[in-house]
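> Sequence first, predicted coordinates after that:
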Amino acid sequence: MAESYQNDEQELTLSEEQYQMIDKRKEAHVNEESNTLTWEQVKQNARNAAQ
């Protein structure tokens, strides 16, 4: 199965616009301008949503 996957694998490329979006999101994360959660917060949010 692994050989089949490797043979079928296509090279993925990103557009310049996608690279720019990634850079913008990375910059926001580095500057603490984006919302990030700890793994514990994610689990608690999931538990709260299930109630």
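Sure thing, it's come through.

> Tell me if I'm right that residue 36 and residue 29 touch.
Yes - counting by Cβ atoms under 8 Å, residue 36 touches residue 29, with 6.8 Å between them. The C-beta positions use only the backbone N, C-alpha and C, and glycine is treated the same way.

> Among those two, which residue is more densely surrounded?
The neighbour comparison of residue 36 against residue 29 (other Cβ atoms under 10 Å) goes to residue 29, with 12 against 8.

> Contacts only, for the more buried one.
Residue 29 makes contacts with residue 36, as judged by Cβ atoms under 8 Å, 6 or more residues apart in numbering.

> Which of the helices or strands spans residue 13?
Using DSSP states H and E, residue 13 maps to neither a helix nor a strand.

> And the average pLDDT for stretch 13-21 is what?
Here stretch 13-21 scores 94 as its mean pLDDT.

> Could you do stretch 38-51 as well?
92.

> Could you pull out the buried residues of the lengthiest helix in the chain?
Among the segments of the chain that qualify as a helix by DSSP state H, the longest is helix 16-30. By neighbour count with 16 or more other Cβ atoms under 10 Å, helix 16-30 contains no buried residues.

> List the buried residues in whichever helix or strand comes after that helix.
Downstream of helix 16-30, the next assigned helix or strand under DSSP H and E is helix 39-50. Residues of helix 39-50 classed as buried under the neighbour-count rule (16+ other Cβ under 10 Å) do not occur.

> which other residues reach helix 39-50?
Applying Cβ under 8 Å, 6+ apart, the set of residues contacting helix 39-50 is residue 37.

> Repeat the analysis, applying 10 Å as the threshold.
Applying Cβ atoms under 10 Å, 6 or more residues apart in numbering, the external contacts of helix 39-50 come out as 37-38.

> now it: how far from the chain's centre is it?
Here helix 39-50 is found 18 Å from its chain centre; the criterion is Cα atoms, centre = their mean, to the nearest Å.

> Spatially central residue for this structure, please.
Residue closest to the average C-alpha location in the chain (Cα atoms, centre = their mean): residue 22, at 9.7 Å.

> and that one, what does it touch?
Contacts of residue 22 by Cβ under 10 Å, 6+ apart are residue 14.

> If anything else comes up later, I'll come back, but that's it for now.
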